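Participant: no FASTA, just this:
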């Protein structure tokens, strides 16, 4: 399970599916999904989405790239899916997050702790 999670952390922007991750963990797809959820408290798909959103949060805070560009850079295939997932995890839209992050002039370590996505 750790090898599969590490693969998701390294290649979050790549298209990853459960069968490929199950092969990395050397188990069947169904067993992988059940075991991953038991071990980490969320499904592999939701974990991957959260990792992508965390990276998007960093890019929104630290760069001036467009939201669309960031959407595709972190591995989402659709701006609508990215925006909906970002709002579900962070609680506000990517544009609102960027505005609020720009207004707060505090050290990055505090920003990361305060803005960590909720599960």
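Facilitator: Looks like it arrived, so ask away. Here the structure is a predicted model, which is why all the values come from computation and not from measurement.
Participant: Identify the residues contacting stretch 79-91?
Facilitator: Applying C-beta atoms under 8 Å, 6 or more residues apart in numbering, the contact partners of stretch 79-91 are 49-50, 52-53, 56-57, 67-68, 71, 74, 76, 93-94, 97, 115, 117-118. Glycine gets a C-beta too; all of them are placed from N, C-alpha and C.
Participant: Look up how far residue 60 lies from residue 67.
Facilitator: Counting by C-beta to C-beta, to the nearest Å, the gap from residue 67 to residue 60 is 7 Å.
Participant: Mind listing what's buried along stretch 22-41?
Facilitator: Residues 22, 24, 25, 27, 29, 32, 33, 35, 36 are the ones in stretch 22-41 that count as buried (16 or more other C-beta atoms under 10 Å).
Participant: what does stretch 14-21 give?
Facilitator: For stretch 14-21, the neighbour count (16+ other C-beta under 10 Å) marks 16, 18, 21 as buried.
Participant: related to what we said a few turns ago, ok, of the contacts of stretch 79-91, which come out buried?
Facilitator: Buried members of those, counted by 16+ other C-beta under 10 Å: 49-50, 52-53, 56-57, 67, 71, 74, 76, 94, 97, 115.
Participant: Those: which two are farthest apart?
Facilitator: Within those, 76 and 115 form the most distant pair, 19.0 Å apart (C-beta to C-beta).
Participant: where does the nearest residue to residue 36 once chain neighbours are set aside fall, phi/psi-wise?
Facilitator: Distances taken as C-beta to C-beta, 6 or more residues apart in numbering place residue 44 nearest to residue 36, at 5.0 Å, with adjacent residues excluded. Note on residue 44: its backbone torsions stand at phi -60, psi -40 [degrees, to the nearest 10].
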